[in-house]
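Student: pasting a predicted model and its sequence here:
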Amino acid sequence: VKPDLRVRIGGLELSNPVGLASGTFGYGSEYEELVDTDSVGALYTKAVTLEPRQGNPVPRIVETPSGMLNSIGLANPGLDAFLKDKLPGLRSRRCAVFVNVAGSSEEEYVEVVSRIEAAVGAWTPGGKSGVDGYEINVSCPNVRHGGLAFGTDPVQVERLTRALRDSTDRPLVVKLTPNVADIAGIAKAAEAGGADAVSCINTLVGMVIDTRRRVSAIALGTGGLSGPAIRPIGVACCYKAARAVGIPVIGIGGIMRAEDALQYLLAGARAIQVGTGTFVDPRCALSVLEGIGSWMEERDVAAVADIAGMLQA
Amino acid sequence: VRQFEAEILENRPVAEAWRELVIDWDPAAGEPRAGQFFMVRVSTFSDPLLRRPLAFSSFRRAFSSFRRAQLDDGARASDGKARASAIYQIRGGATRLLSELATGSRIDVIGPLGKAFPEPAEGETALLAGGGIGLGPLLFMDDILSGGDAAKARRLVLGFRSSSLLPSIDLPEGTVVCTDDGSSGFKGSPVDWLSRNARKATEDGLVRVYGCGPAPMLAALAGLSAELGWPASLSAEQWMACGVGACMGCALPRADGLGYLRACADGPVFEAGDVDWKAGR
């Protein structure tokens, strides 16, 4: 029997647990010739903010042991250009599309979501409006206002989530930062505010110094660390979050192979996202998906949701 | 653009820390043009993690076995397959690993990527200026401009630190070699040479500059071109993660101050006036 790979996020059913992480796949068209997104469960867009953002000074990236630092600064064309230029392309996607939303204030997040709602209309599960849900970015370490400032405070996370909950019936995923003492507490706050899922983790604050020139390798000093280097932290965060909330947890951080994804699923995540892995191998998400299926078949695991209960004490 | 496994046909030293990589090219990926690049995954382990961008230094279409006998050993070894090459410098762990890959081994390739050099307009003489390891794309462009009956007027000017660092590559006839220490050819940089010979080049007619090299050289070349009113197409270098325009990591500041351009997708070849070359890394 073929294993059942379907995953439920709020009222939305994903065909499988594998997603393409925000910030690593643009708005889908950039990888058009290299990756067939029809097979993945979900695509999480590059963040959308109310106004266009040019992004941070350069250099913005540097490679680190088994990872990389980035400080892009939410560079994006802004809401108007998103609606005009990016949304039409998203409508033709067969996979679920989550629009990642960022802002400097609660009002900005709410305005972005409300105006997208107005553009795509009321939600009908399975409808092809181009937007199947939102991922709320309260965890970007590379902007001065918003981002991390929201994500490290459970009171603000709950309030922001509630405000967005009132703005949309579409599934709402809150993306959490690992740069906190207690990620379980933040996950609970998102759940209390009405989130349908939490995704974790966003990047960890890191720094690389060029000793020859005595400057930071990243123009703004610090950046966000991603890649296999952060995988154990991501797995631990998912493990903690999954035990604290009843809503699904979506695992992110250093997934390169099916085995990595299975660590997250065993830790309690219901779905996963591939991010930096796509840079290394654009087909990474597809091979991860195939590997999860084979793993389940070999062990007669009927449904992907069953994996969470398989971790031995 | 395709992702495919290529066979390494050659990976030979051409100077102390320089190598020429030759791979068989999947025709389904499309024909690379001068100025474009490809990304290679040098290891299947997670360190080094990211792919490395390599600029094409030549491309040869697939040919029939009938023609094989007339070609050199390297071409014969490719068994008639299309072949692409890049000249790279060993700078760190990833390029060190790349240099250790043996002939016959396979490598994961994505390409061709990025914008190519534009063709010179009717009547324009191409001045191709390359600094150090930046010579690769210019050798490729020179090769294209030399093409058969439709050969275009051109001058290739290459700069090296010293004669001892000259690569063992057959340079096209008429190449001007410059060395910083004067140990071979013209003493000074390719920009110095162009500056010195600018008047004559301009008198001879219209000019288009093609450049690739270290950031200070590109800044100087952009400055000289602006001063003399020469159109210039310069190939930028920047760290890259995705190589396809998705991550916004390889940004370069625009000359007009209105944000950034992506080296991978908007470039790597830019019109000189579009980029703030002095702000580069």
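Tutor: Yep, that arrived. The structure displayed is predicted, hence computed values, not measured ones.

Student: now do the same end-to-end measure for stretch A:16-23.
Tutor: Start and end residues of stretch A:16-23 are separated by 21 Å (CA to CA, to the nearest Å).

Student: and that stretch, average pLDDT?
Tutor: In this model, stretch A:16-23 has a mean pLDDT of 98.

Student: got the contact list for it?
Tutor: Here stretch A:16-23 makes contact (CB atoms under 8 Å, 6 or more residues apart in numbering or on different chains) with A:5-7, A:35, A:37, A:39-47, A:70, A:72, A:98, A:100, A:135, A:137, A:175, A:250, A:252, A:261, A:265, A:270-275, A:278, A:285-286, A:288-289, A:292, A:304, B:247. C-beta coordinates here come from the backbone N, C-alpha and C atoms, glycine included.

Student: restricted to helices, list those.
Tutor: Using DSSP state H, A:261, A:265, A:278, A:285-286, A:288-289, A:292 are the members of the contacts of stretch A:16-23 that sit in helices.

Student: select from those residues the one having the most neighbours.
Tutor: Neighbour counts for the ones in helices among the contacts of stretch A:16-23 (other CB atoms under 10 Å in any protein chain shown) peak at A:Ala285, which has 31 neighbours.

Student: just checking, that residue touches A:Thr278?
Tutor: Yes - the criterion here is CB atoms under 8 Å, and A:Ala285 meets it with A:Thr278 at 6.5 Å.

Student: what's the helix or strand for B:His20?
Tutor: Quick fix: residue B:20 is Glu, not His. Applying DSSP states H and E as the criterion places B:Glu20 in strand B:18-24.

Student: now what about that strand, what contacts it?
Tutor: Residues contacting strand B:18-24 (CB under 8 Å, 6+ apart): B:6-14, B:54, B:57, B:74, B:78, B:81-90, B:98-99, B:107, B:109, B:133, B:167, B:169.

Student: now that strand, how far from the centre of its chain.
Tutor: Centroid displacement of strand B:18-24 relative to its chain, using CA atoms, centre = their mean, to the nearest Å, is 13 Å.

Student: hey, C-alpha coordinates of the lowest-mean-pLDDT helix or strand in chain A in PDB?
Tutor: The least trusted helix or strand in chain A, going by mean pLDDT, DSSP states H and E, turns out to be helix A:148-151, with a mean of 80. Output in PDB follows, covering the C-alpha atoms of helix A:148-151 (Å, rounded to 0.1, in the frame of the first residue of the first chain):
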ATOM      1  CA  LEU A 148      12.900  39.400  15.800                       C
ATOM      2  CA  ALA A 149      11.500  42.200  18.000                       C
ATOM      3  CA  PHE A 150       8.100  40.600  17.600                       C
ATOM      4  CA  GLY A 151       9.200  37.000  17.700                       C
END
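
Student: mind listing what's buried along that helix?
Tutor: Going by neighbour count (16 or more other CB atoms under 10 Å in any protein chain shown), the buried part of helix A:148-151 is A:148, A:150-151.

Student: again, but for stretch A:21-31
Tutor: Neighbour counts over stretch A:21-31 (16+ other CB under 10 Å) mark A:21-28, A:30-31 as buried.

Student: and these as a markdown table, adding secondary structure?
Tutor: Below are the buried residues of stretch A:21-31 laid out as a markdown table (DSSP: H, G, I helix; E, B strand; the rest coil):
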| residue | secondary structure |
| --- | --- |
| A:Ala21 | coil |
| A:Ser22 | coil |
| A:Gly23 | coil |
| A:Thr24 | coil |
| A:Phe25 | coil |
| A:Gly26 | coil |
| A:Tyr27 | coil |
| A:Gly28 | coil |
| A:Glu30 | helix |
| A:Tyr31 | helix |
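
Student: the nearest residue to A:Arg243 once chain neighbours are set aside and A:Ala308, how far apart?
Tutor: Nearest residue to A:Arg243 in three dimensions, chain neighbours excluded: A:Gly268, at 6.6 Å (CB to CB, 6 or more residues apart in numbering or on different chains). Look at A:Gly268 and A:Ala308: by CB to CB, to the nearest Å, they are 5 Å apart.

Student: pull up the overlap in contacts between those two.
Tutor: A:Ala242.

Student: more neighbours: which of those two?
Tutor: The residue with more neighbours, out of A:Gly268 and A:Ala308, is A:Gly268; 22 against 18, by other CB under 10 Å.

Student: SS state for A:Met256?
Tutor: Following three-state DSSP, A:Met256 is assigned to coil.

Student: for it, grab phi and psi.
Tutor: phi -120, psi -30 (degrees, to the nearest 10).

Student: same check on A:Val208?
Tutor: Main-chain dihedrals, A:Val208, degrees, to the nearest 10: phi -130, psi 130.
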